[in-house]
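> missing the sequence, but the structure's below:
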């Protein structure tokens, strides 16, 4: 089986969007535009590894976007897209790929079937270009007195609109990019390959694999995402006893206190409840099935590992976590001063925006075991969007 690496080009500035950050880092359905394509390539069984070419000045945006994803370290791009791809290819020499798929970060709707067709084409040919036939009538403009008029109709037969990924056998493409580095800029990698004599085969893509360039494209992407997803809700509940100690861990934050929560792991009651809520939303059982208390490897384990596991299961299904809400039930310690830190920690682990996470606290008016200070309870609700299956 060939070693296939996906190289995602995300070094552009995206100024046409008119936003305060490049388009690849804009939010789309609870994740960044970039993360959608990364998750698709990362979970594909025929993709060995994924590397992103970035603008190093925006490393903080990249890091926030890829939390929890198993990726090769990013590499800094160049002034032009062509330079960025060449630098990305050079960085892959040590990884020794047989094939490389180059994809635009601003195309979040790439699908598994298109990736499969691209890889299969490379079994027989040097290059593969994902594209769709032109179906609209094409007109050549004529300009007079500052007015643009419709001119001659252009024959559209045999015309295709190029998309990505564009796939190639690695060694010949790297040689082609090195050869083209000092020449004029080329519009895509297929042009670079063709200039070096490589034969590139057209692979049928799909209309939804469009590139987000302008604000209208982002609006279209939001509509498409909503149409393709179904929403499910899961609930979780957890309780842990308070014993003598020096601090309570809740939602990933340690609150100094004269007690701690007792449990097989770190007893983070908030994360346990939220993990169960996410697992429930995707019909994947409960936390005990995935991390049995009888298994010694989870003794004292950090609960973020459980939560990250649940988030990965959602991503593996092509889904996303739309929102989660955690309620901590205790008299003491006081949660309020730590709520923002808890919210930020949960958002980081789940790879979603902080405004999609809610953390609240309440008491039981000194009633019951929580009212007597014997333990802390938590309940959580998670809303998950999953692709609609035909």
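All right, it came through fine. A quick note: this is a predicted structure, and the numbers were derived from the prediction, not measured.
> tell me if I'm right that residue 195 and residue 177 touch.
No: if you go by CB atoms under 8 Å, residue 195 and residue 177 don't touch, sitting 10.2 Å apart. Every C-beta, even on glycine, is put in place using the N, C-alpha and C of the backbone.
> tell me the secondary structure for residue 172?
Counting by DSSP: H, G, I helix; E, B strand; the rest coil, the backbone at residue 172 sits in helix.
> which pLDDT value belongs to it?
Per-residue pLDDT puts residue 172 at 97.
> more neighbours: which of residue 195 and residue 177?
Shown here are residue 195 and residue 177; by other CB atoms under 10 Å, residue 177 has more neighbours (23 against 13).
> so that one sits in a helix?
Yes: under three-state DSSP, residue 177 falls within a helix.
> pretty sure it sits against residue 89.
Yes: using CB under 8 Å, residue 177 is in contact with residue 89, at 5.8 Å.
> who does the helix or strand where residue 52 lies pair up with?
For residue 52, the enclosing helix or strand under DSSP states H and E is strand 49-54. Strand pairing for strand 49-54, determined by DSSP bridges: strand 4-10 (parallel), strand 75-76 (parallel).
> the helix or strand just after that strand - contacts with which helices or strands?
Remark: after strand 49-54, the chain's next helix or strand is helix 59-65, criterion DSSP H and E. Applying 3 or more CB pairs under 8 Å, 6 or more residues apart in numbering; DSSP states H and E, one finds that helix 59-65 contacts helix 33-43.
> the helix it packs on vs strand 4-10, what angle?
Inter-element angle recorded for helix 33-43 and strand 4-10: 180 degrees (by axes from the mean of the first three to the mean of the last three CA atoms, to 10 degrees).
> who touches helix 33-43?
Residues outside helix 33-43 that contact it (CB atoms under 8 Å, 6 or more residues apart in numbering) are 6, 8, 10, 23-29, 31, 47, 50, 52, 62, 65-66, 69-71, 101, 103, 105-112, 115, 212, 218, 221, 315-316, 318, 351.
> quick one, longest strand in this protein?
Identified as the longest strand of the chain according to DSSP state E is strand 229-244.
> so which elements touch the helix or strand following it?
Where DSSP H and E defines the elements, the next helix or strand beyond strand 229-244 is strand 247-250. Judged by 3+ CB pairs under 8 Å, 6+ apart, strand 247-250 is in contact with strand 253-256, strand 259-261, strand 375-387.
> quick one: average pLDDT of strand 247-250?
Taken as a whole, strand 247-250 has a mean pLDDT of 95.
> also stretch 348-363?
Here the average pLDDT along stretch 348-363 is 92.
> just the buried residues of it, please?
By neighbour count on 16 or more other CB atoms under 10 Å, the buried set for stretch 348-363 is 348, 349, 350, 351, 352, 356, 357, 358, 359, 361.
> equivalent analysis for stretch 128-142, please.
Buried residues in stretch 128-142 (16+ other CB under 10 Å): 128, 129, 130, 131, 132.
> helices or strands up against the helix or strand harbouring residue 103?
Using DSSP H and E, residue 103 sits within strand 99-104. The contact analysis (3+ CB pairs under 8 Å, 6+ apart) places strand 99-104 against strand 4-10, helix 33-43, helix 81-91, helix 112-121, strand 160-169, helix 170-180.
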